[in-house]
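S.K.: Let's see this in three dimensions:
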Amino acid sequence: MFLGTHHPRLDEKGRLILPAKFRDQLAGGLVITRGQDRCLYVFAMSDFERLAEQMNNTPVTNRGVRNFQRVLLSAASDEIPDKQGRVTVPAVLREYAGLSKDCTVIGTGNRLELWDTAAWTQFLEATEDDFASQGEEVIPGGFF
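M.R.: All right, here's what the predicted structure looks like:
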């Protein structure tokens, strides 16, 4: 499970050092792709393979399904971290997420999200009131 917030930096070659606590989970390979809200999703290869299988079982006659698959898969990049735990974030994905040198990596359970730090800060500020007022609506019976 991926948890926590980390602040790695992109180097001049577009490489990111993965947070140390996630390296073992991602050592066998990972997929970086477009996420929602202009962030990038980072999946362990095995988790992404399960997601792709689920998508293969959806009806391509549904426009929403087709559009989601197109956006998610068209820029997906499979990567294997190097010995220092670095992965290259392809230029098309860096541009999509507006990544600068300062990045924020957050754990969201089954995936990591990679954000430009300024965009992450803005997102948190914009959603704090919604977060504070939700609970039962998002996770029925989830809070005691």
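
S.K.: tally of neighbours for R63?
M.R.: R63: 8 surrounding residues under other C-beta atoms under 10 Å. All C-beta spots, glycine's among them, are computed from the backbone N, C-alpha and C.

S.K.: From Q36, how far off is it?
M.R.: R63 sits 18 Å away from Q36, going by C-beta to C-beta, to the nearest Å.

S.K.: same check, this time on D11
M.R.: The separation that D11 has from Q36, given C-beta to C-beta, amounts to 26 Å.

S.K.: now swap in R66 and tell me
M.R.: 17 Å.

S.K.: the more surrounded of these two?
M.R.: More neighbours sit around R66 than around the other of R66 and Q36, counting by other C-beta under 10 Å; the figures are 13 against 10.

S.K.: List the contacts of L18.
M.R.: Taking C-beta atoms under 8 Å, 6 or more residues apart in numbering, we find L18 in contact with P8, L26, P81, G85, R86, V87, V105.

S.K.: isn't the second one right up against S46?
M.R.: No. Assessed by C-beta atoms under 8 Å, L26 is found out of contact with S46, at 10.3 Å.

S.K.: out of these two, which sits in the busier spot?
M.R.: When L26 and S46 are compared for neighbours, L26 comes out ahead with 22 against 12, by other C-beta under 10 Å.

S.K.: List the residues that contact that one.
M.R.: Under the criterion of C-beta under 8 Å, 6+ apart, the contact partners of L26 comprise L18, V42, A44, P81.
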